[in-house]
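Enquirer: Fold the following.
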Amino acid sequence: METLKKTVGENLANLRKEKKLTQLELAEMFNYSDKAVSKWETGETLPELEVIYQLCEFYGVTLDYLTHEGSKEDKKQFVKEDTPDVNNIAITCLAGSVPWMIATIIFVYLLVINSIIYYPVFVWGVPLTAIVLLFNNRLVYRNRTFKFVSLSVLTWGLIASVFVTVLYALTQIIWPLFLIGIPMQVSLALWYISKKRR
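Expert: Numbering: from 1, shown residues only. Below is the predicted model:
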């Protein structure tokens, strides 16, 4: 059993390093402490079965990959093909379409009931879609680049939504609102770069 723990631990450590993640980053993704991840990788303990399954899914390998010794090349039959999961893509698209369905319903309601053509409701679909995709990314993909892009779209989408809403309501020039987005975008870019280099 000790040999199995060591083998699983070494494989988990190699897979994590291959993904360029620290023990703390991996621990946060799976809601564990970095000490727990350290114990898994040193072979002191094994993760629970459910966590092992989640780790295999995350790394794109089978359980056999974790329990066999050797290099990645030696165990390539245990590496899952890197094809996108059609089900996850469909769920992501469906989730991303919900804000647009809501915006359309509100637009039609205002048009039919109150005879108001309120197009800013569609602009609000952009930041709402970014929020939905951020949650979906956290649950399914855990992709840093996707997170960065979604946060950027959320930032500029919120600014544009407020701008269009106020402009529509007050018909005043409020373009300086977009200046707020510049330091926010710079902060996001610096956060992305700093996380990537660790």
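Enquirer: residue closest to the middle of this structure?
Expert: The residue lying closest to the centre of the chain (C-alpha atoms, centre = their mean) is Asn137, at 2.7 Å.
Enquirer: residues in contact with that one?
Expert: Asn143, Phe146, Lys147, Ser150 (C-beta atoms under 8 Å, 6 or more residues apart in numbering). From N, CA and C alone the C-beta is placed, and that goes for glycine too.
Enquirer: quick one: which of those residues is most hemmed in?
Expert: Neighbour tally across these (other C-beta atoms under 10 Å): the maximum, 22 neighbours, falls on Ser150.
Enquirer: Quick check: phi and psi on it?
Expert: Here is the backbone geometry of Ser150 (degrees, to the nearest 10): phi -60, psi -40.
Enquirer: Report the contact partners of it.
Expert: Ser150 neighbours (C-beta under 8 Å, 6+ apart): Ala130, Leu133, Leu134, Asn137.
Enquirer: Could you identify the most distant pair in those residues?
Expert: Greatest spacing in the contacts of Ser150, by C-beta to C-beta: Ala130 and Asn137 (10.2 Å).
Enquirer: Would you state the helices of this protein in chain order?
Expert: Using DSSP state H, the helices found in the chain span residues 2-18, 23-29, 34-42, 49-59, 63-67, 86-114, 120-123, 125-136, 144-170, 181-197.
Enquirer: In JSON lines: the ones you listed, plus distance to Gln77 and mean pLDDT.
Expert: Shown next, in JSON lines, are those (distance: least, C-beta to C-beta, whole Å; pLDDT from 0 to 100):
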{"stretch": "helix 2-18", "distance to Gln77": "15", "mean pLDDT": "88"}
{"stretch": "helix 23-29", "distance to Gln77": "25", "mean pLDDT": "88"}
{"stretch": "helix 34-42", "distance to Gln77": "24", "mean pLDDT": "90"}
{"stretch": "helix 49-59", "distance to Gln77": "14", "mean pLDDT": "87"}
{"stretch": "helix 63-67", "distance to Gln77": "8", "mean pLDDT": "86"}
{"stretch": "helix 86-114", "distance to Gln77": "23", "mean pLDDT": "88"}
{"stretch": "helix 120-123", "distance to Gln77": "49", "mean pLDDT": "91"}
{"stretch": "helix 125-136", "distance to Gln77": "31", "mean pLDDT": "92"}
{"stretch": "helix 144-170", "distance to Gln77": "29", "mean pLDDT": "87"}
{"stretch": "helix 181-197", "distance to Gln77": "31", "mean pLDDT": "77"}
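Enquirer: No further queries at this time; thank you.
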